[in-house]
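*Asks:* need coordinates for the following:
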Amino acid sequence: MTTAVATPPRHFGPASAVRHGTVLAWRGVLKIRKNPEQLLDVTLQPILFLVLFGYLFGGAVAGNTGAYLETLAPGLMVQVILMASMATGVALNTDVSKGVFDRFRSMPIARSAPLLGAVLADVVRYVVALVVLLLMAMVMGFRLHASPAGLVVAVAVLVLAGLCFCWITVFVGMLVPTPASLQGVMVALMLPLTFGSNVFVPNATMPGWLRAWSEISPVSLLSDATRGLLVGGEVAGPLTGGLVWMAGVAVVFFPLAMRAYRRRMG
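*Replies:* Prediction:
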């Protein structure tokens with residue numbers, strides 16, 4: 001006599017999907033704890049950029065390193081978050097390449113759970129990146145002029161930015177065959193986006209065509225908003241512009257990423 005094997009249910013409500021995604025997010029956090037070298041890009045990179053640009057160009061751009069850090073550190077917080085957002089697409093692409101998704105398909109979990117888990121797990125990376133960068137900046141002489149509430153708002157906005165821009169990497173990650181391909185494509189996109197902004201130099205020093213772009217760039221707007229929140233200055237205008245960009249990226253790339261994800265999952 002044979003016993004029928006129950007087929008895992010394929011349809012789950014939103015609450016179940018969130019619960020499954022949270023469990024898989026914890027899986028991602030455990031992977032980081034067991035392999036801390038996965039955090040090298042969000043720990044070593046901020047330190048290198050602060051030291052190299054702060055000490056090499058601080059005198060030329062702002063007269064001294066301490067003054068330059070008030071411009072550089074908040075801007076680098078934006079750049080580091082955008083670069084860290086690539087990890088979501090890399091993690092998903094790696095799981096697909098190694099056949100982990102085949103295992104997920106046989107489990108009684110929501111189909112969106114692996115994607116949700118990868119996105120939520122990267123919040124840890126964003127927070128680690130921001131903490132490391134701020135601590136190193138303070139060691140070099142950077143001083144916060146913000147209230148605790150201002151610091152919390154700045155971190156929350158930047159984490160939200162990472163969660164919005166990560167959908168670009170998810171979309172690309174579901175299209176390219178390997179993690180190396182994804183990193184090549186995203187670096188080619190992110191480096192011009194971050195260096196063609198006011199993260200490192202004021203807009204006024206740029207050629208006219210580049211200045212026109214930099215003034216409306218999401219990186220510049222988020223950098224100005226972060227500077228305003230941490231060291232003083234205008235916040236409302238840049239923050240509004242940054243939020244508009246974040247909403248636009250999410251509206252465009254979230255459905256594209258979900259469609260590519262469902263197609264890749266089969």
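*Asks:* the stretch 151-266 of the chain: helices as residue ranges?
*Replies:* 179-195, 208-216, 218-231, 236-265 (DSSP state H, counting those that start in this stretch).
*Asks:* for stretch 210-229, buried residues please.
*Replies:* 214, 217-229 (16 or more other Cβ atoms under 10 Å). Just so you know, the C-beta spots here come from the backbone N, C-alpha and C atoms, and that holds for glycine as well.
*Asks:* as JSON lines, the residues you listed with distance to residue 29 would be great.
*Replies:* As requested, the buried residues of stretch 210-229 are exported to JSON lines (distance: Cβ to Cβ, whole Å):
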{"residue": "214", "distance to residue 29": "36"}
{"residue": "217", "distance to residue 29": "32"}
{"residue": "218", "distance to residue 29": "28"}
{"residue": "219", "distance to residue 29": "28"}
{"residue": "220", "distance to residue 29": "32"}
{"residue": "221", "distance to residue 29": "31"}
{"residue": "222", "distance to residue 29": "26"}
{"residue": "223", "distance to residue 29": "29"}
{"residue": "224", "distance to residue 29": "32"}
{"residue": "225", "distance to residue 29": "29"}
{"residue": "226", "distance to residue 29": "26"}
{"residue": "227", "distance to residue 29": "31"}
{"residue": "228", "distance to residue 29": "32"}
{"residue": "229", "distance to residue 29": "28"}
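*Asks:* show me which of those residues is closest to residue 70.
*Replies:* residue 227 (7.2 Å; Cβ to Cβ).
*Asks:* how near is the closest one to residue 127?
*Replies:* Between residue 227 and residue 127 the distance, using Cβ to Cβ, to the nearest Å, works out to 20 Å.
*Asks:* also residue 257?
*Replies:* 23 Å.
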